[in-house]
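Trainee: Next comes the sequence, and after it the predicted model I'd like to discuss.
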Amino acid sequence: MSRKKTPKCKGGSVPAASALPAANGPRPVRPGTAHPGPEAPPNGPPQFGRPSLGGGGDFYDVAFKVMLVGDSGVGKTCLLVRFKDGAFLAGTFISTVGIDFRNKVLDVDGVKVKLQIWDTAGQERFRSVTHAYYRDAHALLLLYDVTNKASFDNIQAWLTEIQEYAQHNVVLMLLGNKVDSAHERVVKREDGEKLAKVSQGRVGNEGTLKLGSLGCPHQATTQLAAVVCRNMGCPSWRPVPSQASMWTWPSQP
Ligand SMILES: Nc1nc2c(ncn2[C@@H]2O[C@H](COP(=O)(O)OP(=O)(O)OP(=O)(O)O)[C@@H](O)[C@H]2O)c(=O)[nH]1
């Protein structure tokens, strides 16, 4: 895998920017991503039945905060971009500095679920920045790269971190990314399934953002929203039918 390890700013901005080392240089801010603003779900329980106050004027029944976590280079930013714009962010790998987010309203079996998805920096040195965001998250998408064994082995360390900083009832989905690089694959699907079962993970899945198979991230995020809805006891919630390609633990809603 060819990757540039030197972190540059993807535009994510952050309150945490001030905590970053000056050596990272100037950090341009992508419009509309500086702060969560009034449309962000508040800490604690999800919002019910409120229209979005943000641009776009989306209406929703319930809103959740979701964090993307995992080692640097596993594809978190690509997931965020595909989630919001449907495009794959090809080209040189530019490591995230700080944190960024996007909103999207999904229709989950008739319930309008607004997900605010936060993209975090996977690099170790920004870890203290992202810790502060865990406690507000209703759900976590924990990614590894099936072509990078270390990113899979590090899932245990991520789980420890999640246990320490996230809410005890946070919904966790484990995602193995980059299955399109079959010749480079070093993590077997079965290993991912096993890990999803023995870890805190309620749901696991794998796929590729590059080719957009699995409907990932749409399918993954819809599934995640379904589990959060169930856990939070959303009004008017009806369970979605199970998705064959999902590994679910302990059971499908
Ligand atoms: N082949 C393949 N490459 C992918 C896929 N998803 C992401 N990539 C590539 O992996 C590299 C890293 O992707 P990013 O989304 O920037 O990774 P990240 O997890 O956000 O990394 P940090 O910002 O450092 O935490 C980029 O070069 C992407 O093009 C995929 O499904 N298949």
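Mentor: Perfect, I can see it now.

Trainee: Confirm L89 sits in a strand?
Mentor: No - when DSSP: H, G, I helix; E, B strand; the rest coil is applied, L89 is found to be coil, with no strand at that position.

Trainee: Pull the contacting residues for the residue nearest to N177 when sequence neighbours are not counted.
Mentor: The shortest distance from N177 to any residue other than its chain neighbours is 4.3 Å, reached at G75 (Cβ to Cβ, 6 or more residues apart in numbering). To be clear about C-beta, it is placed using only N, CA and C from the backbone, and glycine gets the same treatment. For G75, the contact set (Cβ atoms under 8 Å, 6 or more residues apart in numbering) comprises 143, 145, 177-178, 209.

Trainee: Name whatever forms a beta bridge with I117.
Mentor: Judged by DSSP bridges, the bridge partners of I117 are V66, R102.

Trainee: And the average pLDDT for stretch 111-122 is what?
Mentor: Per-residue pLDDT over stretch 111-122 has a mean of 85.

Trainee: Report whether that stretch contacts the ligand.
Mentor: Yes - under the criterion of Cβ under 6 Å from any ligand atom, stretch 111-122 makes contact with the ligand via 121-122.

Trainee: my read: E161 touches S128, true?
Mentor: No - if you go by Cβ atoms under 8 Å, E161 and S128 don't touch, sitting 10.8 Å apart.

Trainee: The two: which is more packed in?
Mentor: Shown here are E161 and S128; by other Cβ atoms under 10 Å, E161 has more neighbours (16 against 10).

Trainee: List the residues that contact that one.
Mentor: Taking Cβ under 8 Å, 6+ apart as the definition, contacts of E161 comprise 127, 131, 134.

Trainee: Flag every residue of the stretch 1-150 of the chain that's near the ligand.
Mentor: Applying the criterion Cβ under 6 Å from any ligand atom, the portion of the stretch 1-150 of the chain that neighbours the ligand consists of 72-78, 89-90, 93, 95-96, 121-123.

Trainee: ok so, going back, where is pLDDT lowest across the contacts of E161?
Mentor: If you rank the contacts of E161 by pLDDT, R127 sits at the bottom with 79.
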